[in-house]
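Participant: below is the sequence, then the predicted model.
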Protein chains: 2
Amino acid sequence: DVVGANDLQRTKLTYESRANLAKSPVAKRLFNLMASKQTNLCLAADLTRADEILEVADKCGPYICLLKTHVDIVEDFSAEFISNLQALAERHNFLLMEDRKFADIGNTVALQYGKGVYKISSWADLVTAHTLPGRSILQGLKAGLGEQAAGKERGVFLLAEMSASGNLIDAKYKESSNKIATEGADVDFVAGVVCQSSDAFAFPGLLQLTPGVKIDETVDQLGQQYQTPEHVVKERGADIGVVGRGILKATNPEQTAQTYRDRLWAAYQDRVAK
Amino acid sequence: DVVGANDLQRTKLTYESRANLAKSPVAKRLFNLMASKQTNLCLAADLTRADEILEVADKCGPYICLLKTHVDIVEDFSAEFISNLQALAERHNFLLMEDRKFADIGNTVALQYGKGVYKISSWADLVTAHTLPGRSILQGLKAGLGEQAAGKERGVFLLAEMSASGNLIDAKYKESSNKIATEGADVDFVAGVVCQSSDAFAFPGLLQLTPGVKIDETVDQLGQQYQTPEHVVKERGADIGVVGRGILKATNPEQTAQTYRDRLWAAYQDRVAK
């Protein structure tokens, strides 16, 4: 991958300095939170029981900047689960991201974001969305904010790459995603980009979220590919590394979260020091 | 668009004859249902209250082959809503499709399909999925069937095109979607393709589902583009036309559903007669 001048700049800047460049209020908040709490670890709490998610969120909370959920896999989802999750986010100072991967037409996305059992826009600081439907995905999400999100800071991470092997994203798709993330009237709603490499975007006011982080690199049986904390931060340009099964399946999730935090943070410090 | 010989054949064949070519048991069942009930109309029940969906499903049930839902926009979703919906599907002889547009890695898709509040694989005959994550989307869905879908016929419609203006799907993406739908070990799980034109795939054992059908062609404020029943069936190759707001917002949804059924079916008869 060819690294451009703009891009080199992004990965060399500190989170504090990038907070000042962010156009999204949530991105600004998250950059500052990461700098002050000294963590660039996101925990993917891909568990199917509310109490399990709350337990791991409480244990790992001190070491993460972001908790990423898939609420649609939770068997006993309830409004109480959400308020408990919000209390933990408040106590441990992390943000909540619902990894919904919105990918429908604007009218449907608006309803999926704001309505239904989950009322995602009422509680999730951040969501993820595919750029596949085009720019209308941003308009749809904004239309789904409604009264329940009034006065609250909300934003989206757009997917510019995927970690699944054999996925259909190519250079042209990536470039279009970059444009949707950085041009037009809705860029204030874009907090970052989900991608695997530093060339997906150049603008330093956006955060790069990179999933598939694991200390022991492997491929799972359903095509997911993993990379080490140092590799994703130093070689791939990740600002936030997402760890799921590496922590959830560990004997001691709390201690393991701390290890991932330490390694991801040290890699970031190395990156901006050079 | 260039129409190939294989493709010409597909749109010239009757639903009955194509039932015999289908590799997916659900596609076979749906082709036969369409032929015997004489309808190629799918109703998109994009409403946010369970009673409203059940009412429109009951009224329009006699005229449709398929009811397409977005259960994640239903405010008062419950297990009872699903069993009522299944009873209506049984009474009026139509299939249920949850338009989830799965678009994540295999492990997550498996959980989203089988788990959570919705347990989609336990009740939806059909679901939709993006091919964006690659072939692993099919493996993920199959992994999400579990015990709750044991002995039940299940299948997926893969999106090869979108109706939103400015979407990122190009010729290469379409070709890859076609390959995922027609090649490999999981083709028995693929019932059809969601697309806007007849050149997206050639295999006559798959069904073409085309959304965005409306008697008065328009564009909505969030980028959705509409086309007439005759245009989608005769010019675009649709086997099933999806109507949402055209019926839901009509003064008399039942009568309007009948009109859409009549026009879609007449267009199909014209198509196979020539």
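Facilitator: Alright, I've got the coordinates.

Participant: any idea how far A:L248 lies from chain B?
Facilitator: From A:L248 across to chain B, the span is 12 Å (CB to the nearest CB, to the nearest Å). To be clear about C-beta, it is placed using only N, CA and C from the backbone, and glycine gets the same treatment.

Participant: number of residues surrounding that residue?
Facilitator: 19 (other CB atoms under 10 Å in any protein chain shown).

Participant: per-residue pLDDT of it, please?
Facilitator: pLDDT recorded at A:L248 is 96.

Participant: please apply the same query to A:D7.
Facilitator: For A:D7, the predicted pLDDT is 52.

Participant: equivalent analysis for A:L222, please.
Facilitator: pLDDT, A:L222: 69.

Participant: got it, and the one 4 residues further on?
Facilitator: With respect to pLDDT, A:Y226 scores 80.

Participant: go on, A:S122?
Facilitator: So, for A:S122, pLDDT stands at 97.

Participant: ditto for A:Y113
Facilitator: As predicted, A:Y113 sits at a pLDDT of 98.

Participant: what about it, how many residues nearby?
Facilitator: A:Y113: 31 neighbours (other CB under 10 Å).

Participant: please apply the same query to A:D170.
Facilitator: 13.

Participant: again, but for the one 10 residues further on
Facilitator: When neighbours are defined as other CB under 10 Å, A:I180 has 23 of them.

Participant: could you do A:I53 as well?
Facilitator: Using other CB under 10 Å, A:I53 is surrounded by 26 other residues.

Participant: show me where the stretch 51-200 of chain A has helices.
Facilitator: Along the stretch 51-200 of chain A, counting by DSSP state H, counting those that start in this stretch, helices occupy A:79-92, A:106-114, A:136-143, A:171-182.

Participant: quick one: those as a markdown table, columns for distance to chain B too.
Facilitator: Converted to a markdown table, these look like this (distance: least, CB to the nearest CB, whole Å):
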| stretch | distance to chain B |
| --- | --- |
| helix A:79-92 | 11 |
| helix A:106-114 | 3 |
| helix A:136-143 | 4 |
| helix A:171-182 | 5 |
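
Participant: so for B:G237, which of these sits nearest?
Facilitator: Ranking the helices of the stretch 51-200 of chain A by proximity to B:G237 (CB to CB) places helix A:106-114 first, at 23.4 Å.

Participant: can you give me how far the closest one is from the chain middle?
Facilitator: Averaging C-alpha positions (CA atoms, centre = their mean, to the nearest Å) puts helix A:106-114 20 Å from its chain's average.

Participant: that older thread, Throw the helices of the stretch 51-200 of chain A into a markdown table and include distance to A:T48, thanks.
Facilitator: Formatted as a markdown table, the helices of the stretch 51-200 of chain A follow (distance: least, CB to CB, whole Å):
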| stretch | distance to A:T48 |
| --- | --- |
| helix A:79-92 | 12 |
| helix A:106-114 | 20 |
| helix A:136-143 | 26 |
| helix A:171-182 | 30 |
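
Participant: so which of these is nearest B:Q258?
Facilitator: Nearest to B:Q258, of the helices of the stretch 51-200 of chain A and by CB to CB, is helix A:106-114 at 24.7 Å.

Participant: give me the residues contacting that closest one.
Facilitator: A:100, A:102, A:104, A:120-122, A:127, A:129, A:133, A:136-137, A:139-141, A:143-146, A:148-149, B:46, B:48, B:70, B:72-73, B:99, B:164, B:220-224 (CB atoms under 8 Å, 6 or more residues apart in numbering or on different chains).

Participant: 6 Å instead?
Facilitator: Residues outside helix A:106-114 that contact it (CB atoms under 6 Å, 6 or more residues apart in numbering or on different chains) are A:102, A:120-121, A:136, A:139-141, A:143-144, A:146, B:72-73, B:222-223.

Participant: ok, so of these, who is nearest B:G116?
Facilitator: B:D72 (9.7 Å).

Participant: nearest spatial neighbour of the closest one, chain-adjacent residues omitted?
Facilitator: A:G116 (4.6 Å; CB to CB, 6 or more residues apart in numbering or on different chains).

Participant: the one you found: what's it in contact with?
Facilitator: Going by CB under 6 Å, 6+ apart, A:G116 touches B:D72, B:I73, B:V74.

Participant: tabulate those (a markdown table), appending distance to A:L54.
Facilitator: Output for the contacts of A:G116, formatted as a markdown table (distance: CB to CB, whole Å):
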| residue | distance to A:L54 |
| --- | --- |
| B:D72 | 22 |
| B:I73 | 26 |
| B:V74 | 25 |
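
Participant: many thanks, have a good one.
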